[in-house]
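Colleague: below are the sequence and a predicted model for it; my questions follow.
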Amino acid sequence: MNVVICTPVYAGTTWQYSLSLAEMIVWTLTQEIIYNGKKVRPGISVRVEPSTRVDLAREALAEWALQGPADYLLWLDADHRFPRDTMVRLMAHNVPIVGANYRHRRLPDEVRSTAANIVDGESVSIAPKAEGVEAVDVVGMGVCLTKTEVFRNLPKPWFEMGRFGEDASFCLKAKAHGFQPRVDHRLSAEVGHVAETVLGL
């Protein structure tokens with residue numbers, strides 16, 4: 001079982017991402033992981049794609065991952081922090097698309113989640129919950145696990161900068177082809193979107 005960690009990069013990676021990634025890989029490789037009733041030691045590779053266009057970066061990452069024997073693409077954006085057991089927890093759901101619900105990086109006043117349902121043509125944010133896995137229309141790709149079978153069954157381009165962003169376009173296309181996106185609420189509470197701001201008196 002092979003996992004490709006896919007990270008689009010615009011202006012460099014944060015130290016929070018780098019630390020989270022290192023801790024996750026080390027922890028994952030030291031665990032006894034049961035997947036589909038069997039003990040597995042996942043093959044893990046990391047791919048970074050620098051670009052000023054996140055949609056093009058995601059497209060290139062998916063293209064590269066599908067050239068090899070990957071079973072999963074784990075999307076981890078360079079401005080996120082996440083717990084060390086992120087990969088294992090998401091894999092345990094054994095669903096095509098599952099990720100974290102995290103806050104959009106809009107400061108200082110707007111608090112809005114990336115996971116959403118599309119209602120009457122508008123994006124309605126999914127409220128945080130203590131636990132559970134919820135089916136949604138859209139989940140942010142900042143911390144998201146996808147099976148490669150999703151990409152193999154969708155027409156290209158997979159990612160387009162539509163009205164609600166490239167991750168929403170992907171999720172809506174995937175759902176239309178029978179791949180339901182989901183949010184892991186318990187994991188979401190442990191994920192952070194790193195933001196920068198200028199403070200003044």
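Modeller: Thanks, I have the structure now.
Colleague: please make it C-alpha for all contacts and neighbour counts, starting now.
Modeller: OK.
Colleague: okay, now the unreliable bits of the protein?
Modeller: 106-110, 198-199 (pLDDT under 70).
Colleague: grab the most central residue of it for me.
Modeller: Cys144 (2.1 Å; CA atoms, centre = their mean).
Colleague: who's in contact with it?
Modeller: Taking CA atoms under 8 Å, 6 or more residues apart in numbering, we find Cys144 in contact with 74-76, 97-100.
Colleague: secondary structure element holding it?
Modeller: strand 143-147 (DSSP states H and E).
Colleague: returning to what we had before: next step: the contacts of Cys144 restricted to strands.
Modeller: 74-76, 97-99 (DSSP state E).
Colleague: may I see the ChimeraX selection of the buried members of those?
Modeller: Buried subset of those, written as a ChimeraX selection, criterion 16 or more other CA atoms under 10 Å:
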select :74,75,76,97,98,99
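Colleague: re the thing from before, ok, so what distance separates the residue nearest to the centre of the chain from Val4?
Modeller: 12 Å (CA to CA, to the nearest Å).
Colleague: for Asp167, same thing?
Modeller: 18 Å.
Colleague: my guess is Arg47 meets Cys6, correct?
Modeller: Yes - between Arg47 and Cys6 there is a contact under CA atoms under 8 Å: 5.2 Å.
Colleague: circling back to that earlier point, with distance to Arg53 added, can I get the ones in strands among the contacts of Cys144 in TSV?
Modeller: TSV is the format used below for those (distance: CA to CA, whole Å):
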residue	distance to Arg53
Leu74	19
Trp75	16
Leu76	16
Ile97	23
Val98	23
Gly99	22
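Colleague: wait, Leu154 sits on Leu172?
Modeller: No - applying CA under 8 Å, one finds Leu154 not in contact with Leu172, separated by 11.0 Å.
Colleague: who has more neighbours out of the two?
Modeller: Taking neighbours as other CA atoms under 10 Å, Leu154 and Leu172 compare with Leu172 leading, 19 against 15.
Colleague: list the residues that contact that one.
Modeller: 137-138.
Colleague: what's near enough to touch the closest residue to Met1 other than its chain neighbours?
Modeller: Computed as CA to CA, 6 or more residues apart in numbering, the closest residue to Met1 that is not its neighbour in sequence is Pro42, at 5.2 Å. The contact partners of Pro42, by CA under 8 Å, 6+ apart, come to 1-3, 29.
Colleague: please report how far Lys65 lies from Leu29.
Modeller: Rather than Lys, residue 65 is Ala. Ala65 is 20 Å from Leu29, by CA to CA.
Colleague: more neighbours: those two, which one.
Modeller: Ala65 (21 against 14).
Colleague: mind checking how far that one is from Ala168?
Modeller: From Ala65 to Ala168 the distance is 20 Å (CA to CA).
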